[in-house]
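1. just the structure for this:
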Amino acid sequence: MTRSARAPDVILHQIIRRAVRLMERPGRRFVALDTDDLLSAGRRRGGGHDFEDMIFLEGLHRLARALVTEGQLNVLGRIAARETIVGHLANRLRLEQDRRRYPGIAAQEINHPIVITGLPRSGSTLLHSLLAQDPANRVPQTWEMLSPSPPPERDSYERDPRIAMTERQLRWFHRLVPEFSRIHPVGAQLPEECVVILSHSFLSSQFCSMYTVPSYQTWVRGQDLRPAYELHRRFLQQLQWRCPGTRWVLKAPAHLPALKELCAVYPGVGVIMTHREPLEVLASEASLHTVLRRTFSDAVDPATVGREVTELTADEIRAGLEARDDGCAPPERFLDVRYRDLVKNPMETVRNIYARFDMALTPTAEARMQQYLAETPKGKHGAHEYSLAQFGLDPDQERERYRAYRERFLQEAER
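-> Now for the predicted structure:
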């Protein structure tokens, strides 16, 4: 993109920032993040009904309290947090109403989904996008995750008015966070991570990426995540009722520490675990968190973010591998994919996946995947540059922290 093409977005970003500073002047009324107020707003937006299931209440309360006491949010951050939370609450209500109105939703079976998880920044987005090219694979798109009600329909799936609405929302996001597209592609009709679904449970790491909420993050890490995955299943039932596919193909690094709950809710799941040298992953992930948090707070310390990211990543690896080794699913339901192998020969990796999980790779699907690879070169949206030193991380300490993981999953050339 040329400098002249970027200029309007830069100017708009400066105007928004200036407006935010004006709103933050002493005496201005803050945007409310009180739990009761959020619930009331969610009920109003969701149709005025009350919640049948309030299991999410403690998570909501802890998140709201952490946002206020720890988040150091600017006004834009408070607006974004409130809008996200109220939107999620309204979606929960609409899902409940749709299940009462359409009993066929609850009867939907989610059979043998394929789930991509593993370290963040380890090729899972590329792999998810590749598998999405197969017409038999049903992937959740951004627009239907954000606006799941009414249930999408096959005949109007490609022209649903919610697509344009979501694109407008994403244009504002890109104007506010122009660096984000270099880190992670986002679009209304692109396949998106399950964290968007899981965040509706208020047991989700998504909030920890966007905001500084350490007490909430610690609380989530100590919880049984089964309620989040029960909601995840209800979400998929909603989305597939009138718009099914042969199988769901899902993706999120956040599934790694929840493999026990994932496999309990989806007994026939096939899990693809992506692996990459942690020292290449950590700075990239810390950069993503920093870019997001700096949009919503003017007090973000990169070293604190770096420490949070490496501690959380190590804990998620430990939890995921313990669940796998304890037999949360049979060994044949797992497939390990190394980042370097995926990047070097994506189609060979795809063929291995289809062979492992007894899926048919048709000529049409393969041709579409080859076309996607040709049209989506690495760095299409610009280079994402970062280093461990930016985030206060010592390479020798991090290398030792992940030694057991590297010895188990990475080839000698990657260590």
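2. who are the neighbours in contact with the spatially closest residue to Gly104 that is not a sequence neighbour?
-> In space, and not counting its chain neighbours, Gly104 is closest to Trp241: 6.0 Å by C-beta to C-beta, 6 or more residues apart in numbering. Every C-beta, even on glycine, is put in place using the N, C-alpha and C of the backbone. Trp241 sits next to 102, 104-105, 108, 151 when contact means C-beta atoms under 8 Å, 6 or more residues apart in numbering.
3. now Trp241: how far from Asn111?
-> Distance, Trp241 to Asn111, using C-beta to C-beta, to the nearest Å: 14 Å.
4. give me the phi and psi for the residue nearest to Gly104.
-> phi -50, psi -50 (degrees, to the nearest 10).
5. just the pLDDT for the residue lying closest to Val186 once chain neighbours are set aside.
-> Nearest residue to Val186 in three dimensions, chain neighbours excluded: Leu170, at 5.9 Å (C-beta to C-beta, 6+ apart). You'll see Leu170 listed with a pLDDT of 90.
6. now do Leu170 against Leu198, distance only.
-> For Leu170, the distance to Leu198 - C-beta to C-beta - is 20 Å.
7. distance check, Glu332 against Asp325.
-> The gap separating Glu332 from Asp325 is 15 Å, by C-beta to C-beta.
8. now Thr142
-> Thr142 sits 34 Å away from Asp325, going by C-beta to C-beta.
9. quick revisit: out of Leu170 and Leu198, which sits in the more crowded spot?
-> Taking other C-beta atoms under 10 Å, Leu170 and Leu198 do not tie; Leu198 has more neighbours (23 against 19).
10. contacting residues around that one?
-> Residues near Leu198 by C-beta under 8 Å, 6+ apart: 204, 206, 228-229, 231-232, 252, 254.
11. try 6 Å
-> 204, 228 (C-beta atoms under 6 Å, 6 or more residues apart in numbering).
12. which SSE is it in?
-> Taking DSSP states H and E as the definition, Leu198 sits inside helix 195-198.
13. could you tell me how far that helix lies from the centre of the chain?
-> Relative to its chain's centre, helix 195-198 lies at 6 Å (C-alpha atoms, centre = their mean, to the nearest Å).
14. now do stretch 324-338
-> Centre-to-centre, stretch 324-338 and its host chain are 22 Å apart (C-alpha atoms, centre = their mean).
15. again, but for stretch 119-131
-> 12 Å.
16. counting neighbours, show which residues of it come out buried.
-> For stretch 119-131, the neighbour count (16 or more other C-beta atoms under 10 Å) marks 119-131 as buried.
17. could you check how far Ser205 is from Asp36?
-> 25 Å.
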